[in-house]
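Q: let's see this in three dimensions:
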Amino acid sequence: MNVRTRWAALSLAGVALVGLTGCAGAASASSSGSATAAVEPLVLYAAEGFDAVSAKAFTAKTGIPVKLVDDSTGPLLTKIQAEKNNPQWSILWVDGDTAFSSLDQQGLLAPYAAHGSWNAVGKAIIPSDNAYTPTGTTVMSALIYNAAKVTTVPATYQDLLGSAYSGKVGMNDPAQSGPTYPFIAGLMNQLGGQTGGVAAGEAYLTKLKANGLKVFPTNGDTLHALETGQVDYGMIQSSAAIGEVLKVKATANFQPKIVYLPKSTLLPSVIGIDKGASAVQQAEAKKFIDFVVSPEGQAVMLTGDATGDSLFWPVVDDAKSLKDLPAFPAAYQSLDPAFWGPLQSRVVTWFESNIK
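A: Presented below is the predicted three-dimensional model:
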């Protein structure tokens, strides 16, 4: 998950990156005659390490300008809710289909059947109403640990409640980090399913807190805590964990390694269209989505964040992954986003009040 601590206010060739003032409804018409199609800037709310390079490449290919509002997932979802009566976005691109299912159930998404050559994982993610589109996938969580300091490696999430892990485990804050609510929902799903999972998950997290769990805003913050010795184990997104192993040279004091506890939760990066956007913007958004899931667009995504978000497994057959990405995990679970999506606000509010 892309770490952002501020609104983007940058400029790239052909792509405007703006902050909170970006207005999806403001037309930037380019019309030199009746035969010239209207063009409006797409406003892309995104929390992906490859969002800027993808927007730039799309503009270069189509001439359609993109205004990028880049932040962590939590603030972006809060912003969308605050703008319900006056939406300022055209496209949302973040990790987690649970959030998109919730937006769909609120009637905020415009369906679109994207033109992708989907593999089996991709087909399983696409909802029956085509309300949103997967663009890649990671898993949550990867448990990264400092093998230079510890020799005890957990085999299950229950192991983390033992004395050997007291005060040594860190995780992200679901109010900030997009991958973290699906992770928590995945724990709940494993522990009690849809009937008793919320209560069972709350009980587990309460015990984990009592054993000294430390909560940090995002993947990057949890990794920093691992690097500086504040924790010895971190539960983060697979792309961030793999990137840490790839970019860090092992030393006598820091040697990051990864283990996947059963079962990791499938975490797709997902893109969807604002139902309230103009007809012009919706048409442009469909072009953007088709570009992203094309071989060309997938290749561009690999260039944005080689030790982070670009370490994703493809959901389309004709796409490649980065050469250093390990094989797709053999054992994982998929959540029912229609069930767990609407519970996000309740669960995150509980976490903020009782665990953070």
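
Q: any chance you could map the strands in the protein?
A: Secondary structure of the chain (DSSP state E): strands located at 11-12, 15-17, 42-46, 66-70, 91-95, 109-110, 133-146, 169-172, 214-216, 233-237, 256-259, 264-274, 332-333.

Q: can these go into JSON lines with extra columns for mean pLDDT, distance to residue 80 and mean neighbour count?
A: Any C-beta I mention is one placed from the backbone N, CA and C, and that applies to glycine too. Listed next are the strands of the chain as JSON lines, based on pLDDT from 0 to 100; distance: least, CB to CB, whole Å; neighbours: other CB atoms under 10 Å:
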{"stretch": "strand 11-12", "mean pLDDT": "38", "distance to residue 80": "24", "mean neighbour count": "12"}
{"stretch": "strand 15-17", "mean pLDDT": "44", "distance to residue 80": "18", "mean neighbour count": "21"}
{"stretch": "strand 42-46", "mean pLDDT": "98", "distance to residue 80": "7", "mean neighbour count": "28"}
{"stretch": "strand 66-70", "mean pLDDT": "98", "distance to residue 80": "11", "mean neighbour count": "26"}
{"stretch": "strand 91-95", "mean pLDDT": "98", "distance to residue 80": "7", "mean neighbour count": "27"}
{"stretch": "strand 109-110", "mean pLDDT": "98", "distance to residue 80": "11", "mean neighbour count": "22"}
{"stretch": "strand 133-146", "mean pLDDT": "97", "distance to residue 80": "17", "mean neighbour count": "26"}
{"stretch": "strand 169-172", "mean pLDDT": "98", "distance to residue 80": "20", "mean neighbour count": "26"}
{"stretch": "strand 214-216", "mean pLDDT": "98", "distance to residue 80": "24", "mean neighbour count": "20"}
{"stretch": "strand 233-237", "mean pLDDT": "98", "distance to residue 80": "21", "mean neighbour count": "28"}
{"stretch": "strand 256-259", "mean pLDDT": "96", "distance to residue 80": "33", "mean neighbour count": "17"}
{"stretch": "strand 264-274", "mean pLDDT": "97", "distance to residue 80": "8", "mean neighbour count": "26"}
{"stretch": "strand 332-333", "mean pLDDT": "92", "distance to residue 80": "27", "mean neighbour count": "16"}
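
Q: out of those strands, which is closest to residue 57?
A: Closest of the strands of the chain to residue 57 is strand 15-17, at 9.0 Å (criterion: CB to CB).

Q: contacts only, for residue 103.
A: 80, 92, 109, 131, 272 (CB atoms under 8 Å, 6 or more residues apart in numbering).

Q: please name the nearest non-neighbouring residue to the residue nearest in space to the middle of the chain.
A: Per CA atoms, centre = their mean, the C-alpha nearest to the average position across the chain is that of residue 95, at 2.0 Å. What sits nearest to residue 95 in space, not counting adjacent residues and going by CB to CB, 6 or more residues apart in numbering, is residue 178, at 4.4 Å.

Q: ok, back up a step: in contact with the residue nearest to the centre of the chain, which residues?
A: By CB under 8 Å, 6+ apart, the residues touching residue 95 are 1, 47-48, 73, 138, 178-179, 182, 237, 267-270.

Q: reformat the strands of the chain as a markdown table; add distance to residue 224.
A: Compiled in a markdown table, these are given as follows (distance: least, CB to CB, whole Å):
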| stretch | distance to residue 224 |
| --- | --- |
| strand 11-12 | 27 |
| strand 15-17 | 25 |
| strand 42-46 | 23 |
| strand 66-70 | 20 |
| strand 91-95 | 20 |
| strand 109-110 | 35 |
| strand 133-146 | 12 |
| strand 169-172 | 10 |
| strand 214-216 | 8 |
| strand 233-237 | 10 |
| strand 256-259 | 12 |
| strand 264-274 | 21 |
| strand 332-333 | 27 |
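
Q: can you tell which of those strands is closest to residue 117?
A: The nearest among the strands of the chain, by CB to CB, is strand 133-146 at 12.7 Å.

Q: tell me how far that closest one lies from the chain's centre.
A: 9 Å (CA atoms, centre = their mean, to the nearest Å).

Q: before I go, just wanted to say thanks for your time.
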